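# when you get a sec, could you give me coordinates for this:
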Amino acid sequence: AHIIANGFIAAFLPLGKVGILFGIYLITAFLAAYITNKAAVAIIFPISLTMAVTLDLNPIPFVLVVAYAAAANFMTPIGYQTNLMIYGPGGYAFKDFFKVGFPLTMIYMVVTVAILSLLYF
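Okay, the predicted model is just below:
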């Protein structure tokens, strides 16, 4: 986790603390779009926590951003539970979810990171 966390820090630290939260959110969201939410959290949580400790920042926003990104993923039928329920019966294609879900996920990301930044930074 340390090696990956250091790589993420190097990539996102030039964007500031808020940029780090955006980066963690993006990585978690795209990962959760293709694997289960629990698996995405299991992979990203230790990396996110390591980043907070390494940067000597409050770990709460780092933990919460992972949880919110994994829980609210609308880009694929796999990413959100109810999407999977309507995928077959509704006759939707994989790309249909991305067309609507990607903007919705990005709006949710901006709101989530903004609120966490205001509360914790």
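# C-alpha from now on. contacts and neighbour counts both.
Fine.
# can you get me a residue count around the closest residue to Lys38 other than its chain neighbours?
With CA to CA, 6 or more residues apart in numbering as the criterion, Lys38 has its nearest non-adjacent residue at 7.7 Å, and that residue is Ala70. Counted with other CA atoms under 10 Å, residues neighbouring Ala70 total 29.
# and whatever helix or strand Ala70 lives in, what does it pack against?
Assessed by DSSP states H and E, Ala70 sits inside helix 59-71. If contacts are counted by 3 or more CA pairs under 8 Å, 6 or more residues apart in numbering; DSSP states H and E, helix 59-71 sits against helix 16-32, helix 37-54, helix 94-120.
# make CSV out of these and add distance to Asn6, mean pLDDT and mean neighbour count.
Below are the helices and strands packed on helix 59-71 laid out as CSV (distance: least, CA to CA, whole Å; pLDDT from 0 to 100; neighbours: other CA atoms under 10 Å):
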stretch, distance to Asn6, mean pLDDT, mean neighbour count
helix 16-32, 12, 95, 21
helix 37-54, 7, 95, 19
helix 94-120, 21, 94, 15
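# and those helices as a markdown table, adding distance to Asn83?
Formatted as a markdown table, the helices and strands packed on helix 59-71 follow (distance: least, CA to CA, whole Å):
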| stretch | distance to Asn83 |
| --- | --- |
| helix 16-32 | 13 |
| helix 37-54 | 13 |
| helix 94-120 | 8 |
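# that older thread, so the residue nearest to Lys38 touches Asn37, yeah?
Yes. Counting by CA atoms under 8 Å, Ala70 touches Asn37, with 5.1 Å between them.
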